[in-house]
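Enquirer: my questions concern the predicted model and sequence given below.
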Amino acid sequence: MTEPTWLHENFDKAGSSIGYRITRKLDEVQSPFQFIEIYESTDWGNLMLIDGAMMLTTRDNFFYHEMMAHPALFTHADPKRVVIIGGGDCGTLREVLRHPGVLSATQCDIDEQVTRMAEKYFPELCESNHDPRAELLFDDGIAYMANCEPDSVDLVIVDSTDPVGPAEGLFNASFFASCHSALKDDGILVQQSESPLVLLDLIKAMRVEMGKAGFASFQTLPFPQPCYPTGWWSCTMAKKSGNFDFREADARAKSFATLYYSADMHKGAQVLPPFVAAALAG
């Protein structure tokens, strides 16, 4: 590829598409589970696509990784053991391990090739992979949670792709029940929950399934994510009981730098736009 060209991804459900100006394809691999591609772009750094869907870019991944990790970690009173299901690019793991109080973080992704590609083309996301508190497993996350010791985990982060293919089983009551069992009484489940602009029905259905599994309270936090459909994404937290007050003083005094997350951003994300709040309350 000698001259920059355009790579487009169409979003049928949103009736829209997004394009990136790319200079070349850097790599591709067909794993036993999915087709992974890496491109170099003119303005967004490297891009990772899985089965034709944009997963991350160098330029904007911090929105997602920070919001998947820090709101839940600062909402829990004292998170020590964290399990990440999915998350093969390791960005969420890096953010989790910025918290000095976390004693162990297990990442279980079914596809080792995602991590190997991230190590090569997104090394900044993998800088905590050799932290002694980190454990990287390449296995079935559904089975991992089903076999997890009850009342042994403080926080479960489900950093999955869309609910198709290998991730399809991560969006139902059976999987959520395994998470509920593994979590301690004050534990928190957090899952990426798609676009609140065009996929509100999926967010509502996810919360219903979480409720069937025994979770009593939920909080959906929207945030910008330019490389995903509509540019607006969300994560949803679930608790066995209690509210979602967070350790605001600790968030303000955090010992590490972030690009998007802050105590004020956390507070702002808790205030949902009226149409989202009404839909999720119905």
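Expert: In hand now; what should we look at? Note that the structure is a prediction, hence the values are computed from the model and not measured.

Enquirer: rounded mean pLDDT for stretch 158-178, please.
Expert: What stretch 158-178 shows for mean pLDDT is 72.

Enquirer: and if you look at stretch 131-150?
Expert: Averaging pLDDT along stretch 131-150 yields 96.

Enquirer: restrict that stretch to CA atoms and write it as CSV.
Expert: Provided in CSV are the C-alpha atoms of stretch 131-150 (Å, rounded to 0.1, in the frame of the first residue of the first chain):
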residue,chain,number,x,y,z
ASP,A,131,3.4,-7.5,37.2
PRO,A,132,3.7,-10.2,39.9
ARG,A,133,0.1,-9.5,40.8
ALA,A,134,-1.1,-10.4,37.2
GLU,A,135,-2.2,-13.8,36.0
LEU,A,136,-2.9,-14.3,32.3
LEU,A,137,-5.0,-17.3,31.4
PHE,A,138,-6.1,-18.3,27.9
ASP,A,139,-9.2,-20.3,28.5
ASP,A,140,-13.0,-20.2,28.4
GLY,A,141,-14.1,-17.4,30.7
ILE,A,142,-17.6,-18.9,31.1
ALA,A,143,-16.1,-22.1,32.4
TYR,A,144,-13.6,-20.2,34.6
MET,A,145,-16.4,-18.3,36.3
ALA,A,146,-18.5,-21.4,36.7
ASN,A,147,-15.6,-23.1,38.5
CYS,A,148,-14.6,-20.1,40.6
GLU,A,149,-14.6,-20.5,44.3
PRO,A,150,-17.7,-18.9,45.9
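
Enquirer: what about that stretch, distance to the chain center?
Expert: Remark: stretch 131-150 is offset 16 Å from the chain centroid, using CA atoms, centre = their mean, to the nearest Å.

Enquirer: output the longest strand belonging to this protein.
Expert: Criterion DSSP state E: the longest strand present in the chain is strand 16-30.

Enquirer: mind listing the strands it pairs with, and their directions?
Expert: Strand partners for strand 16-30, identified by DSSP bridges, are recorded as strand 5-11 (antiparallel), strand 35-41 (antiparallel).

Enquirer: beta partners for the residue nearest in space to the middle of the chain?
Expert: The centroid of the chain falls nearest to Asp159 when counting by CA atoms, centre = their mean (3.4 Å). Here Asp159 sits in beta bridges with Gly86, going by DSSP bridges.

Enquirer: make 58 the first number, not 1, from now on.
Expert: Got it, first residue is 58 now, which makes that one Asp216.

Enquirer: I'd guessed it sits against Asn118; true?
Expert: No. Using CB atoms under 8 Å, Asp216 is not in contact with Asn118; the gap is 11.5 Å. For glycine as for every other residue, the C-beta is placed from the backbone atoms N, C-alpha and C.

Enquirer: below-threshold pLDDT in the stretch 208-339 of the chain: ranges please.
Expert: Applying pLDDT under 70 to the stretch 208-339 of the chain flags the ranges 218-228, 339.

Enquirer: got the contact list for the residue nearest to the centre of the chain?
Expert: Residues in contact with Asp216 (CB atoms under 8 Å, 6 or more residues apart in numbering) are 125, 141-144, 149, 249.

Enquirer: select only the buried ones of these in ChimeraX?
Expert: With 16 or more other CB atoms under 10 Å as the burial test, the buried ones among the contacts of Asp216 are selected in ChimeraX as follows:
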select :125,141,142,143,144,149,249
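
Enquirer: avg pLDDT for stretch 72-89?
Expert: Mean pLDDT, stretch 72-89: 96.

Enquirer: in it, which residues are buried?
Expert: 75, 77, 79, 83, 88.

Enquirer: thinking again about what came up before, most tightly surrounded among the strands paired with strand 73-87?
Expert: Each of the strands paired with strand 73-87 was scored by mean neighbour count; the highest is strand 92-98, a mean of 19, by mean count of other CB atoms under 10 Å.

Enquirer: list the contacts of that strand.
Expert: Counting by CB under 8 Å, 6+ apart, residues outside strand 92-98 touching it are 64, 77-87, 103-109, 114, 168, 170-171, 174, 177-178.

Enquirer: which of the buried residues of stretch 72-89 lies closest to Ala308?
Expert: Taking CB to CB as the measure, Ala308 lies nearest Ile75 of those, at 31.5 Å.

Enquirer: who touches the closest one in this structure?
Expert: Going by CB under 8 Å, 6+ apart, Ile75 touches 65-66, 68, 111, 283-284, 286, 288.
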